[in-house]
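Visitor: structure, please.
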Amino acid sequence: MVTVYEMAAYINEFRERGGSINMPPHRVSQRLDWVAAAKHYRELWENDPPEKRTDKRRRGLGFMWHSVQCARCIVAVRNQEIVAAASYLIRLEFVEVKVLGSRQLDEARGAATAIEFALAGEAQGRGFGVRSEYTWSERNFHVRIGRRLDQRAHQSSDWTPEDCRYLVRGIKELL
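Guide: Next up is the predicted model:
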């Protein structure tokens, strides 16, 4: 499991490079701007050099575009540009992450970790855990952020309410 120190380091790196997290509710006009930008980045993928035109990056751009189409989304921006986003739902006893995607930019490293921290905070504030699923290409990320994998179902990725409290408390002390 990645320690809270490592997660805080990624979040600090993202913040130091001009990154910030935007929680819902969002102005409709702002979300529409993010939808258009995410769609644009997704379409630009086809013109990327072959070494950057990976399936993982294509999926990340598609997931980011899908996320900002949902009203309940967390958006990471750097220098006023969208770099990552996650959509989620509030269920009766947990926060359910739908998708998280990013542009996978070196200069925005830590954006996904910052979004995951925001999700843990959203859940912790309600006394909930977080439920998600992972793809095989993203499994290592879920391991590194301390998710409990494959316990609820195949490819499930969860934080218990206790996990969320531990992460939020520990990371906040370091930020």
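Visitor: contacts only, for the nearest residue in space to Gln155 that is not next to it in sequence.
Guide: Leaving aside its sequence neighbours, Gln155 sits nearest to Glu133 (C-beta to C-beta, 6 or more residues apart in numbering; 5.2 Å). In short, each C-beta sits where N, CA and C put it, glycine included. By C-beta atoms under 8 Å, 6 or more residues apart in numbering, the contact set of Glu133 is Ala153, Gln155, Ser156, Ser157.
Visitor: ok, the second one to Cys70 distance?
Guide: Gln155 sits 21 Å away from Cys70, going by C-beta to C-beta, to the nearest Å.
Visitor: likewise for the first one?
Guide: Applying C-beta to C-beta, one obtains 22 Å for the distance of Ala153 from Cys70.
Visitor: so these two - more neighbours on which side?
Guide: Cys70 (17 against 10; other C-beta atoms under 10 Å).
Visitor: the closest residue to the more buried one other than its chain neighbours: neighbour count?
Guide: Distance criterion C-beta to C-beta, 6+ apart; nearest residue to Cys70, sequence neighbours excluded, is Ser87 at 3.8 Å. Other residues near Ser87 come to 23 when the count uses other C-beta under 10 Å.
Visitor: lovely, talk soon.
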